[in-house]
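Engineer: just coords:
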């Protein structure tokens, strides 16, 4: 219904579970990060690999559902590694899979940076996780803008729309939001179905991944 933004919910969920969160849309990962996890596992469980700690035999994964213990156990069995879960939005995980596994150029509909949501202890930085956090001094706070002097004459209040018109506009916006969500759901399911079909074609030897990427990036 639009009352809660997806990134806000992720940060609250991470705080509740004492986990770290990761913004996949604004985190730069190596191109070979996909070697850490098979595509079928990433799509089946809705997760994305962030790195591997070989010394601790630990796989770092971004997930939108860290409370699903059954999925975590199945992934540990499939990868033969311990899991370190971090919380991310489901939409950013889907975009990361399309970007890194399939080479698609996907852009989020709204770029939301962690600094716009407030820095907290659950904010995840990939360099910090891998022990390569840059030693940068904290930035100085920006000066507060000066307030203009009060006007000598009282300002006229802005005209307000009649309550009936406001209610009608809110109703129209709610309907449009529902339609957008429905279209996004349909689009996501179609993309996943096409990816599954592509994997079947590749496994059957009818097409190679290189041929798919070549046609994908070929100018129209």
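Structural biologist: Perfect, thanks for sending it. Remember, it's a predicted structure, so these values are computed and weren't measured experimentally.
Engineer: and the strands in this structure, which stretches?
Structural biologist: Here the chain has its strands, by DSSP state E, at 47-53, 58-63, 82-87.
Engineer: quick one: residue 61 from residue 77, how far?
Structural biologist: Between residue 61 and residue 77 the computed distance is 14 Å (CB to CB, to the nearest Å). All C-beta atoms are positioned from the backbone trio N, CA, C, and that covers glycine.
Engineer: no wait, residue 201
Structural biologist: Distance, residue 201 to residue 77, using CB to CB: 28 Å.
Engineer: and those two? Which one has more around it.
Structural biologist: Counting neighbours by other CB atoms under 10 Å for residue 201 and for residue 77 shows that residue 201 has the greater number, 15 against 9.
Engineer: okay but that one is in contact with residue 208, surely?
Structural biologist: No - contact between residue 201 and residue 208 fails when scored by CB atoms under 8 Å: they sit 9.3 Å apart.
Engineer: and stretch 2-15, which residues are buried?
Structural biologist: Buried residues in stretch 2-15, counted by 16 or more other CB atoms under 10 Å: 7, 10, 11, 13, 14.
Engineer: no, scratch that, I was asking about stretch 97-104
Structural biologist: Neighbour-count burial for stretch 97-104 [16+ other CB under 10 Å]: 97, 98, 99, 100, 101, 102.
Engineer: now, which of those residues sits nearest residue 51?
Structural biologist: Residue 51 has its nearest neighbour among the buried residues of stretch 97-104 in residue 100, at 12.8 Å by CB to CB.
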